[in-house]
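> Predicted coordinates and the sequence they were generated for:
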Amino acid sequence: MLVIVDYGAGNLGSIQNMLLKVGATSVISADESVINSASKLLLPGIGAFDNCMEKFNGSGLRDIMETKVNKEKTPLMGICVGLQMLMENSEEGEMDGLGWIGGKVVAFDKQKMAEQHKVPNMGWLEVKTVKDSKLTTALTDARFYFAHSFHVVVDNPADKLLVAEYGYEFVAAIERDNIIGVQFHPEKSHRFGMQLLKNFVTNF
Amino acid sequence: MRRIRVIPVLLISKGGLVKSVKFKNYKYVGDPINAVKIFNEKGTDEMVILDIDATRENRSPNFEMIKEIASEAFMPMAYGGGISSVEEIKKLFNLGVEKIILNNAAVHDPSLVTNAAGLAGSQSVVVSIDVKKNMFGKYRVYTRNGTENTNNDPVEFAHKMQRAGAGEIFLNAIDRDGTYSGYDGDLVKKVSSGLSIPLIACGGAADINDLCFAVEQGASAVAAGSMFVFQRPHQAVLINYPAENELKEKLFQIH
């Protein structure tokens, strides 16, 4: 069973709608036993980093999530701030991230960007695949919808899956073993988002 | 190549999709859900949905209708119309709306912009600014479908909204609305030049050359109503959207 983790932050309805569109039923849940029985997990996140971390830590779901993801190796997809939460920390806030992936979250560096690149980065960007993955099957010339002011920097370059360019190249998606994170919103990236979620549902 | 968002604006009145000229003469265009489905198929970047009755009728957003539209929109969707509280904003995000658009409330209660940004982040908060020239030829910010002059200067107001936490400015030139006379380049330039957040230009677009012009004047994204719902010259209803290769050849070439 596909479970969208409801810890109190994120656009859960949109993700469920899009999954349904690709033929996958899912449940939105904050229930430990439901999460325990999940075959795949989606971790959404929207808004401020600290707000998401506070809510996640306060949800009582952190232990079961650690077990599922790090011990049982259940496939997990973090979306937007859900990706950022996987890192060790963020320039946006004071709180620690989950630290499941080595690296940090940084603000877009305006010094390195031309004036036309406003922040937040809001819009569609084409992505470049930097390693082979079952997540990117049948995704050629893909573009995705982004809405963010911060992006992740990973310690281990092998964790990078997709990169995009906004003023400079940044990490658009990561993959290590069972852990996937995407900075963009697949649930709002019409046919490309559908294909990516379909890949997650069927290939993992 | 720089991808520029191209955004259809759908006006909702009495449950139907309508289109105006200069914020007047509303013409019924069809069913909003149907239009959203067609825009989905066409791979549209993003959509703006505005309920133009809500503020005038002094009521909250029509959550049932928004839910229905959001569940069919597989692209980002921004909603505006009748939003006046954080509770309503929370509800809209839960329904699957990506961005909320504040207009009248942003003028009268800028703290709502700040609170909305605190709730969901600046990237989810758009302030729409409807602008018309007054009798002395000065640009002024209007609310209530262009009927109420707030006497605010749009440049100053846009900066105030940026400071308050808005993540984006949706700039609509009332006198260009539905006229196919092109964007108000002077206005776009004035408002966008000092802003650090993106500006979406709206009002007057007839074709892709107009879209290019707005970007050259400083717009980060371009929006239009009539261009995407009518076919000229006879104004027959035809939901349409520029093809990817046409956008790549022209609009995305602008630096």
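Yep, it's here.
> Might you quantify the distance of the helix or strand where residue B:79 lies from its chain's geometric centre?
Using DSSP states H and E, residue B:79 falls within strand B:77-80. Centroid displacement of strand B:77-80 relative to its chain, using CA atoms, centre = their mean, to the nearest Å, is 8 Å.
> Residue A:12 is in contact with residue A:18, isn't it?
No. With contact defined as CB atoms under 8 Å, residue A:12 does not count as touching residue A:18 (11.0 Å). In this view, the C-beta of every residue, glycine as well, is placed from N, C-alpha and C.
> burial count for residue A:66?
Neighbour count for residue A:66, taken as other CB atoms under 10 Å in any protein chain shown: 12.
> hmm, back to that, which residues are contacting the strand holding residue B:79?
Under the criterion CB atoms under 8 Å, 6 or more residues apart in numbering or on different chains, residues A:188, B:46-51, B:61, B:66, B:69-70, B:92, B:96-103, B:126, B:128, B:170 lie in contact with strand B:77-80.
> Contacts (any at all) between chain A and the host helix or strand of residue B:35?
For residue B:35, the element it lies in under DSSP H and E is helix B:32-41. Yes. Judged by CB under 8 Å from any CB of the partner chain, helix B:32-41 comes into contact with chain A through residue B:40.
> Name the residues of that helix that come out as buried.
B:32, B:35-36, B:38-40 (16 or more other CB atoms under 10 Å in any protein chain shown).
> likewise stretch B:49-56?
So for stretch B:49-56, counting by 16+ other CB under 10 Å, buried means B:49-55.
> hang on, the earlier thing: and the buried residues of helix B:32-41, which two are furthest apart?
For these, the maximum inter-member distance is 12.7 Å, found between B:32 and B:40 (CB to CB).
> Spell out the secondary structure type for residue A:15.
Under DSSP: H, G, I helix; E, B strand; the rest coil, residue A:15 falls in the helix class.
> what's the neighbour count on the residue nearest to it when sequence neighbours are not counted?
Among residues not flanking residue A:15 along the chain, residue A:187 sits closest, at 4.5 Å (CB to CB, 6 or more residues apart in numbering or on different chains). Residues near residue A:187, counting by other CB under 10 Å, number 31.
> And for residue A:48?
Using other CB under 10 Å, residue A:48 is surrounded by 22 other residues.
> Which residue, neighbours along the chain excluded, lies closest to it?
residue B:121 is the one closest to residue A:48 (CB to CB, 6+ apart), at 6.0 Å.
> In contact with the one you found: list those residues for me.
A:46-48, A:149, B:167.
> where exactly do the strands run in chain A?
Per DSSP state E, chain A carries strands over the ranges A:2-5, A:26-29, A:40-43, A:76-79, A:89-90, A:103-107, A:121-129, A:143-148, A:150-154, A:160-166, A:168-176, A:179-182.
> Columns mean pLDDT, distance to residue A:115 and mean neighbour count on top of those strands, output as TSV?
Formatted as TSV, the strands of chain A follow (pLDDT from 0 to 100; distance: least, CB to CB, whole Å; neighbours: other CB atoms under 10 Å in any protein chain shown):
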stretch	mean pLDDT	distance to residue A:115	mean neighbour count
strand A:2-5	97	39	23
strand A:26-29	96	41	18
strand A:40-43	98	35	24
strand A:76-79	98	30	27
strand A:89-90	98	26	21
strand A:103-107	98	17	18
strand A:121-129	94	14	21
strand A:143-148	94	19	24
strand A:150-154	98	19	20
strand A:160-166	97	13	20
strand A:168-176	98	14	20
strand A:179-182	98	28	26
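> Pull the contacting residues for residue 94.
Answering for chain A, as no chain was given. Per CB under 8 Å, 6+ apart, neighbours of residue A:94: residue A:50.
> that's the wrong chain, I meant chain B
Residue B:94 touches A:12-13, counting by CB under 8 Å, 6+ apart.
> burial of residue 21, as a residue count?
Reading this off chain A. Neighbour tally, residue A:21, other CB under 10 Å: 18.
> should've been chain B
Counted with other CB under 10 Å, residues neighbouring residue B:21 total 15.
> which residue sits closest to it in space, ignoring its chain neighbours?
Per CB to CB, 6+ apart, closest to residue B:21 is residue B:178, 3.5 Å.
> which ones are touching the one you found?
Here residue B:178 is in contact with B:19-22, B:25, B:225-226 (criterion: CB under 8 Å, 6+ apart).
> Roughly how far does the residue lying farthest from the centre of chain B sit from residue A:1?
Distance from the C-alpha centroid of chain B, by CA atoms, centre = their mean, peaks at residue B:136 (26.3 Å). Applying CB to CB, to the nearest Å, the value for residue B:136 to residue A:1 is 65 Å.
> do the same with residue A:21
18 Å.
> Tell me, how many residues neighbour the closest residue to residue A:118 other than its chain neighbours?
Distance criterion CB to CB, 6+ apart; nearest residue to residue A:118, sequence neighbours excluded, is residue B:198 at 4.5 Å. Counted by other CB under 10 Å, the residues lying close to residue B:198 total 23.
> Can you verify my assumption that residue B:198 contacts residue B:218?
No. Using CB under 8 Å as the test, residue B:198 is too far from residue B:218 to be in contact (10.2 Å).
> Do you know the pLDDT at the nearest residue to residue B:185 once chain neighbours are set aside?
Of all residues not flanking residue B:185 in the chain, residue B:217 sits nearest, at 4.4 Å (CB to CB, 6+ apart). Listed pLDDT for residue B:217 reads 98.
> now residue B:217: how far from residue A:120?
21 Å.
> Residue A:152 too?
Counting by CB to CB, the gap from residue A:152 to residue A:120 is 15 Å.
> Residue A:96 now?
Residue A:96 sits 24 Å away from residue A:120, going by CB to CB.
> again with residue B:139
26 Å.
> Residues of chain B that sit close to chain A?
B:2-5, B:40, B:43-46, B:70-71, B:74-77, B:93-96, B:98, B:118-124, B:167-168, B:195-198, B:220-221, B:255.
> Run through the residues that contact residue 101.
I went with chain A, as the question did not name one. Residue A:101 makes contact with A:86-87, A:154, A:159, A:174, A:176, A:179, A:181, according to CB under 8 Å, 6+ apart.
> wait, chain B
With CB under 8 Å, 6+ apart, residue B:101 has these contacts: B:48, B:50, B:78-81, B:83, B:126-128, B:170.
> Mind putting those residues into TSV with pLDDT?
Formatted as TSV, these follow (pLDDT from 0 to 100):
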residue	pLDDT
B:48	98
B:50	98
B:78	97
B:79	98
B:80	98
B:81	97
B:83	97
B:126	98
B:127	98
B:128	98
B:170	98
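> Those residues, buried ones only, as a PyMOL selection?
The following PyMOL line selects those of the contacts of residue B:101 that are buried, judged by 16+ other CB under 10 Å:
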select buried, chain B and resi 48+50+78+79+80+81+83+126+127+128+170
